[in-house]
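Asker: task: produce atomic coordinates for the following.
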Amino acid sequence: MSASTEWAGTAAGGAPGRRLKIRHATRVVYDGRAASSHNELRMTPLTLPAQTALDARIDIAPGVAPWSYWDYWGTQVTAFDLMEPHESLLIVATSLVETAPPPPLPAEPGWEEIARLLEASKLAEFGLPTPRTAVGEEPVARAREAAAGLGPHEAALAVAGLVRDRVAYLAGSTGVHTGAQEAWEQQAGVCQDITHLTVALLRRVGLPARYVSGYLHPDPDAPPHRPVAGESHAWVEYWAGGWVAYDPTNRARAGESHVVVARGREYGDVVPHKGVYHGAPSGPPQVEVEFTRLA
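Answerer: I've put the predicted structure just below:
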């Protein structure tokens, strides 16, 4: 199947929209007591042309008064301080979201127009490398070879395909600090690594690209009202006349099973839960994500 045929098949029509309930629980357990902590959460789905957040709430410890703001990248952040000594912390984010199939691909500008915008607009922020998207010359040369002679949309598809052919999905093979070059070298990673590497190489072939964090319902055929265990997910958006969402891990456009929570240059801009605390060390957070398709 040619790149253009694959795009045409994923861009037009498709399955109807969905209504998804998502429960995202994070538990942190300390080896003793934490005297206090300050936390930032990026767990609230956005309202976008193809996605509507009908309801969203975040439950924390009793008596905690969170506040919200929008960060530089357009993500809703919920922040809170827990000033009482505590041995654990439980955060439960629940949301109800309506999604739609992906829209048709935007008319693509020429490479020269994209290059001009990269120099003279806010798109420049999505054209530069970051610590997790820095790559060496070998993957860049391979990406440029794959994209040679193609228009922007087909070039994006070719680069994403190159990454997925190179990097096998292997749960637990990497951590949150793994960079794109490391994923290329070890030829294995998770969705975060595949996304970082795809973002990195899209930028190096001349396409603005950003990292998207959110959720992907793991079973499109799940019957309504039956909870399904899942996890957070990551994919890319590149700019070619408009932002186009593509899931390189699954080799498909992001669609009605994807829920956008945050966007940024890389994972460091969209971390679901981060903060600082004073007290005993903690183990890795215990995370559970549950999906229920309501319609």
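Asker: going forward, measure contacts and count neighbours with C-alpha atoms only.
Answerer: Fine.
Asker: partners of Ser36 in the sheet?
Answerer: His278 (DSSP bridges).
Asker: so for it, what's the pLDDT?
Answerer: Model confidence at Ser36, given as pLDDT, is 91.
Asker: surely it and Ser88 touch.
Answerer: No. Using Cα atoms under 8 Å, Ser36 is not in contact with Ser88; the gap is 11.1 Å.
Asker: beyond the helix or strand hosting Trp184, next helix or strand please.
Answerer: Under the criterion of DSSP states H and E, Trp184 resides in helix 180-186. Next helix or strand after helix 180-186 toward the C-terminus (DSSP H and E): strand 188-189.
Asker: and the helix or strand hosting Ala93, which residues are buried?
Answerer: Using DSSP H and E, Ala93 maps to strand 86-99. Using 16 or more other Cα atoms under 10 Å as the test for burial, strand 86-99 gives His86, Leu89, Ile91, Val92, Ala93, Thr94, Ser95, Leu96, Val97, Glu98, Thr99.
Asker: export these to JSON lines and tack on distance to Leu197 and pLDDT?
Answerer: As requested, the buried residues of strand 86-99 are exported to JSON lines (distance: Cα to Cα, whole Å; pLDDT from 0 to 100):
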{"residue": "His86", "distance to Leu197": "39", "pLDDT": "90"}
{"residue": "Leu89", "distance to Leu197": "33", "pLDDT": "92"}
{"residue": "Ile91", "distance to Leu197": "30", "pLDDT": "96"}
{"residue": "Val92", "distance to Leu197": "31", "pLDDT": "97"}
{"residue": "Ala93", "distance to Leu197": "29", "pLDDT": "98"}
{"residue": "Thr94", "distance to Leu197": "30", "pLDDT": "98"}
{"residue": "Ser95", "distance to Leu197": "30", "pLDDT": "98"}
{"residue": "Leu96", "distance to Leu197": "31", "pLDDT": "98"}
{"residue": "Val97", "distance to Leu197": "29", "pLDDT": "98"}
{"residue": "Glu98", "distance to Leu197": "30", "pLDDT": "97"}
{"residue": "Thr99", "distance to Leu197": "27", "pLDDT": "96"}
